[in-house]
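[1] Sequence first, then the predicted structure:
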Amino acid sequence: MKNGEVAGHILFSEVMIETSKGAIVNTIGLALMAVTPELQNQGIGSALVKAGLERCKELGYEHIVLLGHPEFYPRFGFEPSVKFGINPPFPVPENVFMVLELTEGALDGIEGTVKYSQAFNEVS
């Protein structure tokens with residue numbers, strides 16, 4: 001909130017990674033983060049991401065996936081998911097689908113494809 005108005009928004013949703021061995025690994029996806037255009041470039045988005053990552057850790061999540069800007073999210077530790085053998089559920093450039101390990105090594109031995117809730121498929 002800034003001057004009584006919403007300045008930005010961040011949303012995390014539970015998603016899963018379906019591994020190449022058929023196992024399901026629960027994780028969380030960051031989608032979406034937005035800041036009111038006239039308030040952008042004032043650190044609001046960064047503050048939202050930092051607070052969101054901390055809350056995800058508190059809730060026990062070990063990793064996060066996202067589809068996002070390749071020049072913004074790496075500053076928080078996000079890396080291209082292909083580095084970990086994690087694939088997006090749809091075709092996108094490799095540098096925009098990213099993951100972050102909240103617990104070091106949490107993605108060791110996990111390779112597969114991210115699956116979003118059916119509700120994501122309903123959006124047009």
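    Great, that's in hand. What you see is a predicted model; the values in this text were computed from it and never measured. Numbering: from 1, shown residues only.

[2] okay, CA-based contacts and neighbour counts for the rest of this
    OK.

[3] Low-confidence ranges, this structure, go.
    For the chain, the stretches with pLDDT under 70 are 1-2, 119-124.

[4] mind redoing it with 90?
    Confidence mapping of the chain against pLDDT under 90 gives the ranges 1-6, 20-22, 31-32, 116-124.

[5] Could I get the contacting residues of the nearest residue to residue 85 once chain neighbours are set aside?
    Excluding its sequence neighbours, the residue lying closest to residue 85 (Cα to Cα, 6 or more residues apart in numbering) is residue 111, at 4.7 Å. Listed by Cα atoms under 8 Å, 6 or more residues apart in numbering, the contact set of residue 111 reads 19-20, 84-87.

[6] Same check on residue 94?
    Residue 94 touches 80-82, counting by Cα under 8 Å, 6+ apart.

[7] Buried ones only from these, please, as a ChimeraX command.
    Command for ChimeraX, covering only those of those found buried under the criterion 16 or more other Cα atoms under 10 Å:
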select :80,81,82
